[in-house]
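1. how would this look folded up:
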Amino acid sequence: TFAPCRAATERRAMARSAVYDHTLVTIFNAIKVCEQISQTPATPATVATPAPTVTQVDWIQFHGGNGGFHLDTNTKPKSYVGPIAVHEFEGRGLGLVATRKITAGDVLLIEDAFAMSSTCGALISQATAELARTCCNKFAVATPLEMSAFWCLHSQSDCQNPNWKEIGRRKTIFEEYLAHLHAGEIHNNSMQSRYVPKPCLEKQDKAVASIVSSNSRKTEHWNAWTLLLDESESLGGLWLAASLFNHSCLGNVVINYGSSKECGSTLVARAATTIETGEELLHTYVYPFDTVHERQKKLQHIYGFHCCCARCALEAPHALVASQLADRLESELQKFSAARGKGINGRNDMAKIVKMIRSVLASVDKAAEDLSAGLRRLWRSQFLWGDHGLAMAAQEAGLFQEAVDAFRNCVSLVAMVAPSSEYELKYRMMLTQSLSRWALSAPASNLPSADDLKEALKHAEEAHNRLYGGGGRHFVCRMKKRLEDVYAALRRLQS
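-> Next up, the predicted model:
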């Protein structure tokens with residue numbers, strides 16, 4: 001994981017300035033030292049190992065920036081299909097499974113979109129309508145194999161066409177599609193498939209709209225400075241192979257998209273955790289930290305199904321209580337936002353708000369007392385945003401230890417529900433910066449340890465690598481602004 005870090009420290013001439021270069025060396029050394037002193041050996045689930053046969057990709061360029069380094073490599077990755085296979089699930093249709101044990105961070109799929117919408121940041125209704133039109137336009141140039149895979153996504157709406165209901169035939173077509181995708185032959189018109197006829201003309205628009213509604217997704221781009229999702233550049237898209245990733249509120253697959261102009265329509269799917277041979281590959285379609293009621297409502301409205309995953313089965317009996325507690329917690333967080341918006345930043349005032357947020361979170365814990373310890377943590381993940389608010393309010397009140405503890409709780413919850421996701425990276429970075437803020441703001445008699453900061457930094461780099469690849473060099477390139485405080489904090493703690 002850290003070989004790229006060591007290589008980057010030797011490229012001093014490539015950095016944009018001597019000051020920036022010195023910062024890089026300090027950050028890299030902190031990660032390396034922490035790796036050496038860590039008392040807990042990294043497990044396969046927390047160390048990203050590149051897929052052994054994936055085509056070499058410059059992930060820094062793919063995700064939209066070179067961080068001041070000169071790069072000559074091609075940014076457009078070739079299509080790739082990793083150790084995955086199409087599988088028929090009784091009563092649920094088709095999905096994807098692992099064909100061997102997979103390590104967190106391994107690339108599972110690289111695929112270009114079949115079609116994209118045209119307006120950045122459009123509402124779902126507009127993006128869906130644009131995408132449906134783009135799909136219809138694509139029919140004129142799509143290969144027979146692409147068309148077969150496209151129509152096979154529409155499996156239940158036309159009772160007069162049995163081809164869409166014959167799951168064995170659909171499975172064979174998608175197996176053929178994955179094989180040609182991996183071979184780079186998906187656009188070869190000479191490749192014939194077991195072609196599935198398109199619907200009659202008067203039903204085609206309806207069929208296309210149904211396919212787009214159920215299988216499309218919006219590209220996501222997270223701002224590395226704000227750590228927030230920037231939807232202003234989002235587009236709707238349809239990726240045929242990626243449509244086979246079924247949903248779970250405890251997903252084991254993370255998906256991201258290219259940020260550069262050349263790669264904006266390219267989807268990359270990676271393993272979020274260690275995945276065993278034969279295990280189903282699942283992606284979370286909705287915000288994972290909503291209450292079970294909110295998640296189910298969104299899934300039903302957007303995708304038309306009711307989720308029956310293990311997490312929903314656990315949380316559903318307590319849905320009413322969860323919604324009531326969420327309302328109480330939201331009310332207290334709004335008080336914090338209003339106080340901060342009015343410039344009320346006195347430590348005593350903020351301490352009172354911290355106390356109220358803490359009280360509601362205690363009620364959340366009490367509501368799950370009848371569950372086992374592991375299930376209580378799963379229940380608690382619905383309220384991760386409450387711990388986030390507690391951490392922010394505690395920082396404003398100067399309660400740095402409580403802020404750090406709250407962010408550590410966020411990290412623990414997100415690593416259980418959405419591992420290797422942008423959410424894990426976000427909260428690991430926020431923990432790192434909370435420790436840095438403590439180190440820069442508190443008196444010398446009350447500082448965090450340098451080892452704690454280095455450990456948090458190391459885990460943030462690992463989370464970034466599992467999600468985006470590119471090693472420590474990519475991490476520093478994307479997070480350079482946010483690492484300025486970390487650099488200053490390390491200097492103070494080590495002085």
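2. what's the distance between the residue nearest to Ser243 when sequence neighbours are not counted and Ala113?
-> Sequence neighbours aside, Asn215 is the residue nearest to Ser243 in space, at 4.2 Å (criterion: CB to CB, 6 or more residues apart in numbering). Just so you know, the C-beta spots here come from the backbone N, C-alpha and C atoms, and that holds for glycine as well. If you measure Asn215 against Ala113 using CB to CB, to the nearest Å, the figure is 12 Å.
3. With neighbour numbers in mind, choose between these two.
-> Ala113 (24 against 18; other CB atoms under 10 Å).
4. related to what we said a few turns ago, and the residue nearest to Ser243, what does it touch?
-> Leu153, Leu238, Ser243 (CB atoms under 8 Å, 6 or more residues apart in numbering).
5. Which entry within the residues you listed corresponds to the minimum pLDDT?
-> Here the lowest pLDDT out of these sits on Leu153, with 89.
6. so what's that one up against?
-> Leu153 neighbours (CB under 8 Å, 6+ apart): Ile211, Ser214, Asn215, Leu240, Ser243.
7. and the second one, how many neighbours does it have?
-> By the other CB under 10 Å criterion, the neighbourhood of Ser214 contains 17 residues.
8. What values do phi and psi take at it?
-> When read as degrees, to the nearest 10, the backbone of Ser214 gives phi -90, psi -20.
9. thought it was touching His247?
-> No: judged on CB atoms under 8 Å, Ser214 makes no contact with His247 at a distance of 11.2 Å.
10. Between the two, which contacts overlap?
-> Joint contacts of Ser214 and His247 (CB under 8 Å, 6+ apart) are Tyr303.
11. quick one, helices of the stretch 351-495 of the chain?
-> 373-380, 384-396, 400-417, 422-441, 450-468, 471-479, 483-494 (DSSP state H, counting those that start in this stretch).
12. For the shortest one, name the packing helices and strands.
-> In this structure, helix 373-380 packs against helix 310-315, helix 347-367, helix 400-417, with contacts taken as 3 or more CB pairs under 8 Å, 6 or more residues apart in numbering; DSSP states H and E.
13. Adding secondary structure, write the contacts of Asn215 out as CSV.
-> Compiled in CSV, those are given as follows (DSSP: H, G, I helix; E, B strand; the rest coil):
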residue, secondary structure
Leu153, coil
Leu238, strand
Ser243, helix
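14. Quick one: residues contacting Leu282.
-> For Leu282, counting by CB under 8 Å, 6+ apart, the contacting residues are Phe245, Asn246, His247, Ser248, Leu250, Gly251, Asn252, Val253.
15. Could you measure from the first one over to Gly236?
-> For Phe245, the distance to Gly236 under the criterion CB to CB works out to 17 Å.
16. now, the most widely separated pair of the contacts of Leu282?
-> Phe245 and Leu250 (13.6 Å; CB to CB).
17. More neighbours: the two, which one.
-> Phe245 (25 against 19).
18. Surely that one and Leu96 touch.
-> Yes: under the criterion of CB under 8 Å, Phe245 makes contact with Leu96 at 6.1 Å.
19. As a check, name the ranges of all strands in the stretch 151-300 of the chain.
-> Remark: strands assigned in the stretch 151-300 of the chain by DSSP state E, counting those that start in this stretch are 217-218, 236-238, 246-247, 253-257, 266-271, 282-283.
20. With respect to Ser420, which of these lies nearest?
-> Per CB to CB, nearest to Ser420 of those: strand 253-257, 5.2 Å.
21. Let me know the angle separating that closest one from helix 450-468.
-> Inter-element angle recorded for strand 253-257 and helix 450-468: 80 degrees (by axes from the mean of the first three to the mean of the last three CA atoms, to 10 degrees).
22. Can you work out which residues contact both of Asn215 and Ala113?
-> With CB under 8 Å, 6+ apart, Asn215 and Ala113 have common neighbours Leu238.
23. Just the pLDDT for Thr1.
-> Thr1 is given a pLDDT of 32.
24. coming back round to it: can you tell me which of the contacts of Leu282 lies closest to Val141?
-> Phe245 (25.8 Å).
25. what pairs with the nearest residue to that closest one once chain neighbours are set aside across the strands?
-> Among residues not flanking Phe245 along the chain, His283 sits closest, at 4.3 Å (CB to CB, 6+ apart). Beta-bridge pairing of His283 under DSSP bridges involves His247.
26. Would you mind measuring from His283 to Ser265?
-> 18 Å.
27. How about Ala319?
-> 38 Å.
28. which sections of the stretch 151-300 of the chain are below the confidence cut-off?
-> 155-165, 188-202 (pLDDT under 70).
29. now the helices: where do they sit in it?
-> Using DSSP H, counting those that start in this stretch, helices in the stretch 151-300 of the chain cover 167-182, 201-215, 292-303.
30. Could you give me the buried positions within the last one?
-> By neighbour count with 16 or more other CB atoms under 10 Å, helix 292-303 contains the buried residues Val292, His293, Glu294, Arg295, Gln296, Leu299.
31. ok, and the closest non-adjacent residue to the second one?
-> With CB to CB, 6+ apart as the measure, Ala319 is the residue that lies nearest to His293, at 4.8 Å, once sequence neighbours are left out.
32. shared neighbours, Phe245 and Leu96?
-> Listed as contacting both Phe245 and Leu96 by CB under 8 Å, 6+ apart are Leu281.
33. contacts for the longest helix seen in the chain?
-> If you go by DSSP state H, the chain has its longest helix at helix 319-341. Residues outside helix 319-341 that contact it (CB under 8 Å, 6+ apart) are 291-293, 315, 345, 349-350, 353, 356-357, 360-361, 363-364, 367, 379, 382-383, 385-386, 389, 392-393, 396.
34. Need the buried ones from the residues you listed selected in ChimeraX.
-> With 16+ other CB under 10 Å as the criterion, this ChimeraX line picks the buried residues out of the contacts of helix 319-341:
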select :291,292,293,315,350,353,356,357,360,361,364,367,379,382,383,385,386,389,392,393,396
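35. Now do the same contact list for the residue nearest to Phe245.
-> Phe245, Asn246, His247, Ser248, Gly251, Val253, Val254, Ile255, Ala269.
36. quick one: the last one and Tyr80, what's the gap?
-> To tie it back to what came earlier, the one meant is Ala269. 10 Å.
37. same check, this time on the third one
-> Summarising the geometry, the distance separating His247 from Tyr80, computed by CB to CB, is 23 Å.
38. out of these two, which sits in the busier spot?
-> Shown here are His247 and Tyr80; by other CB under 10 Å, Tyr80 has more neighbours (20 against 17).
39. May I ask which helix or strand encompasses the residue nearest to that one when sequence neighbours are not counted?
-> Counting by CB to CB, 6+ apart, Ile110 is the residue found nearest to Tyr80 once chain neighbours are left out, at 4.1 Å. Using DSSP states H and E, the element containing Ile110 is strand 107-112.
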